[in-house]
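1. For reference, the sequence and a predicted model appear below.
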Amino acid sequence: MISIQNVSKQYGAKVLFQGIQAQLGARSRVALIGPNGAGKSTLIRILLEKEEADEGRITRASHLSIGYLAQDLPRLGGRTVLTEVMRLDGRREELLETQRELEQALSDNPSDAESLERYGRILEEVGSLDEGRLEARAKQILSGIGFQERDFDRELHEFSGGWLMRVALARILLMEPDLLLLDEPTNHLDLESLLWLEEFLRRYRGALLMISHDRLFLNRLVDEVWELDQRTLLTYRGNLDAYQIQKAERLAVLQAQYQGQQAKIAEIESFVSRFGAKATKARQAQSRLKQLEKMELIELPDAKASIRFRFPPAPESGKEVMTLQDLGVSYGTRPIFKGVNWTLRRGARVAIVGVNGAGKTTLLKILSGKINPDQGQAKLGHGVKVGFYAQLQAESLNLQRTILQELEEVAPEMPVSQVRGIAGAFLFSGDQVEKKCGVLSGGEKARVALAKLLLSPSNFLILDEPTNHLDSDSKEILVEALKNYSGTLCVVSHDREFIGPLVDSVLELVPHSKSDQGTQVIQLLGQYDDYLKKKQMELVAAESRAPQLVTHKIAEVVPEVKGPSNNQKKSWEREKVKVETEIVDLERRQGELQQLLGDVATYADKNRSFQLIEEQKKVERSLSEKLSRWEELSLQLEQ
């Protein structure tokens, strides 16, 4: 589908990649990984033909459709949520308008061969959109990623940036392109939406190329890893777990080859040094020097620096860290919380979970003292010192200050040498601390914000999405530091791999069925993994109750309380073979019809051309139904 052949790219003196090669097939599921600055985004822009390679070439299949979700906030406006999603990539509006124009033209002049030919091509494209089910599918996708039915007809300007990113994601998923290019697709999703997207992509029949720091998300979806690092692209078969094993094996072999080569170089240099001046050995010495010059030197990867830090010992606090009594909070006339009672005890490690809009960030701000409740009280315990990392903490930095100035602001009495030491632990060493915050990347800003948190010793840490913009290595170091943290912890995060090892209880925020009652706060017993299993079971149950499919690429999930009988399995297997045969026949006929409708001579016979167009519509519908049934049977047999 896409072939990358000896592609090179550099900016000024900096070479991003050189002579890289890779193949992306029609069913490829690839994770694109690599350190910040390695060129991942540049490679994607080259694949999208938004940028040109310096050398080499990209070969793409003809008529390849690509859906691309960037990290940047999309420019949307002037439409409702549903209308925007149903625009797809804009082509649908053009097709429908052209169809209307041609139908008018043909009603005036039915024998216009050119209009008939164009009309056939337009109907073919419109038919591929599955127009009759488009709105239903759009609503299903919007619901899957967290929108309520009342949101469908709301104007886009009413939504925050995170929700607009979801609109952009829904539009791309509805397009059903041949290739989905997704850059951090989970960043703005709550757990329920993330699980839904994971299931959607698991059943997607097109190709996937994804960048994500969510290791668990990638592990469940990809079967190939492209690692872009040190100017080269290495490909590995399998998911991220398999990649790590293969990479360790490759590095061990490379290390052995490097040591062997270094020993050979030392031996040659020693020989030349000892015998180069002797007439009897001069020729041999020169020969070995030439051998040395021709040798292709093996390079070991640079050792990667990682964040190195531990939270300082937490000062002792009272047994009750925070007490909420009859707590009530409203935004205007809309209640967020009503009559909430909860006590957080010293040493607790709590995950606060719930759908977006349930009030997670509001609750964290109340716990941190950033906002006060409208009713009741939020009482901080004796000796409690709060450390708060907000979701947009990195964006609250003073962009005109240097890194050092930002850190000194929270520790004015600390010696500069010690502040520099902490900056170094977060990978800002030497002159880097004099960089202004305005020129830092998202990941660098996040590290500055975490360093500021470390400089303010606390015994009650409140973290709102702390891993956004952190790479996997930095995230692992943060997990280890938090595991060893001796204070009380409350954390909100959509990153399941991050949050799982850190917490011992879950506080779930569930919107009340009555809108005037606000959000229910439910303390759950058990580990975070238990909560995850509960949510996954709820997702399967919800899908099994839904009468329609989200898309023809997702089969309806039919959970069985008891396993199916052997006769039932055999029946499914026989039906699957039959459906596969029917799909082959339909695809063959589809190809024949496309060839006929692409021939101008076909439209000389008006009646026959209309018959072929109608047959094509029926074949498309039937093929869609057969593919859905095949997916459903495959899933039932797999489960």
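-> Structure received. Residues are numbered from 1 along each chain as shown.
2. which residues of the stretch 251-400 of the chain fall in helices?
-> 282-294, 360-368 (DSSP state H, counting those that start in this stretch).
3. Could you give the average pLDDT over the longest one?
-> Over the span of helix 282-294, the pLDDT mean works out to 81.
4. Could you list every helix and strand that that helix packs against?
-> Identification of packing neighbours for helix 282-294 by 3 or more C-beta pairs under 8 Å, 6 or more residues apart in numbering; DSSP states H and E yields helix 240-275. For glycine as for every other residue, the C-beta is placed from the backbone atoms N, C-alpha and C.
5. The helix it packs on to helix 282-294, inter-axis angle?
-> Calculated by axes from the mean of the first three to the mean of the last three C-alpha atoms, to 10 degrees, helix 240-275 forms an angle of 160 degrees with helix 282-294.
6. what's helix 240-275 packed up against?
-> strand 29-33, helix 215-221, strand 224-229, strand 232-237, helix 282-294.
7. out of those, nearest to Ser456?
-> helix 215-221 (29.6 Å; C-beta to C-beta).
8. Let me have the helices and strands packed on helix 240-275 in JSON lines, adding mean neighbour count and distance to Gly387 as columns.
-> JSON lines is the format used below for those (neighbours: other C-beta atoms under 10 Å; distance: least, C-beta to C-beta, whole Å):
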{"stretch": "strand 29-33", "mean neighbour count": "23", "distance to Gly387": "31"}
{"stretch": "helix 215-221", "mean neighbour count": "20", "distance to Gly387": "26"}
{"stretch": "strand 224-229", "mean neighbour count": "21", "distance to Gly387": "34"}
{"stretch": "strand 232-237", "mean neighbour count": "16", "distance to Gly387": "39"}
{"stretch": "helix 282-294", "mean neighbour count": "12", "distance to Gly387": "57"}
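9. Put together a markdown table for those, with distance to Asp72 on each row.
-> Written out in a markdown table, the entries for these read as follows (distance: least, C-beta to C-beta, whole Å):
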| stretch | distance to Asp72 |
| --- | --- |
| strand 29-33 | 17 |
| helix 215-221 | 20 |
| strand 224-229 | 20 |
| strand 232-237 | 24 |
| helix 282-294 | 48 |
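10. I'd like to know which of these lies nearest to Leu197.
-> The closest of these to Leu197 is helix 215-221. By C-beta to C-beta, the value is 8.4 Å.
11. quick one: contacts of the closest one?
-> Outside helix 215-221, the residues within contact range by C-beta atoms under 8 Å, 6 or more residues apart in numbering are 29, 31, 186, 194, 198, 201-202, 208, 210, 212, 239-241, 472, 496-497.
12. same thing but at 6 Å, please
-> Under the criterion C-beta atoms under 6 Å, 6 or more residues apart in numbering, residues Arg29, Ala31, Thr186, Leu201, Ser212, Asn239, Leu240, Arg496, Glu497 lie in contact with helix 215-221.
13. which one of those residues is nearest Tyr531?
-> Using C-beta to C-beta, Arg496 comes nearest to Tyr531 of the contacts of helix 215-221, at 9.9 Å.
14. Quick one: neighbours of that closest one, just the number.
-> 19 (other C-beta atoms under 10 Å).
15. Ser628 too?
-> Ser628: 18 neighbours (other C-beta under 10 Å).
16. Nearest to Ile58, out of the helices and strands packed on helix 240-275?
-> Between the helices and strands packed on helix 240-275, strand 232-237 lies closest to Ile58; by C-beta to C-beta that is 12.9 Å.
17. Which elements pack onto the closest one?
-> Counting contacts by 3 or more C-beta pairs under 6 Å, 6 or more residues apart in numbering; DSSP states H and E, strand 232-237 is packed against strand 14-24, strand 224-229.
18. so who does Lys436 touch?
-> Shown in contact with Lys436 (C-beta under 6 Å, 6+ apart): Thr402.
19. 10 Å instead?
-> Leu397, Asn398, Leu399, Gln400, Arg401, Thr402, Ile403, Gln405, Glu406 (C-beta atoms under 10 Å, 6 or more residues apart in numbering).
20. Out of those, who's the most crowded?
-> Neighbour max across the contacts of Lys436 (other C-beta under 10 Å) = Ile403, 25 neighbours.
21. which residues touch that residue?
-> 397, 419-420, 423, 426, 428, 432-437, 440, 444-445, 447-448, 451.
22. Let me see the confidence value for the closest residue in space to it that isn't next to it in sequence.
-> Take Ile403 and drop its neighbours on the chain: the residue closest to it by C-beta to C-beta, 6 or more residues apart in numbering is Val433, 4.8 Å away. Listed pLDDT for Val433 reads 89.
23. Same question for Gly56.
-> For Gly56, pLDDT reads 92.
24. again, but for Glu267
-> 86.
25. Quick check: it vs Gly260, distance?
-> 11 Å (C-beta to C-beta, to the nearest Å).
26. Which parts of the stretch 1-150 of the chain are helices?
-> Under DSSP H, counting those that start in this stretch, the stretch 1-150 of the chain gives helices at 40-47, 81-86, 91-108, 113-128, 131-144.
27. What about Leu509? Give its phi and psi, please.
-> Per-residue torsions, Leu509: phi -100, psi 120 (degrees, to the nearest 10).
28. before we move on, back to that, out of the helices of the stretch 251-400 of the chain, which is closest to Ser143?
-> helix 360-368 (20.2 Å).
29. and the angle for the helix or strand encompassing Arg574 with helix 113-128?
-> Element membership of Arg574, judged by DSSP states H and E, is helix 566-597. Relative orientation of helix 566-597 and helix 113-128, computed by the same axes, to 10 degrees: 160 degrees.
30. Could you list every helix and strand that helix 566-597 packs against?
-> helix 113-128, helix 606-638 (3 or more C-beta pairs under 10 Å, 6 or more residues apart in numbering; DSSP states H and E).
31. and the last one, average pLDDT?
-> Right, helix 606-638. Here the average pLDDT along helix 606-638 is 76.
32. same thing with stretch 346-361?
-> Per-residue scores along stretch 346-361 average to 88.
33. May I see the buried residues of that stretch?
-> 346, 348-361 (16 or more other C-beta atoms under 10 Å).
34. Can you tell me which of the helices and strands packed on strand 232-237 is nearest to Gln140?
-> Nearest to Gln140 among those is strand 14-24 (28.0 Å), distances taken as C-beta to C-beta.
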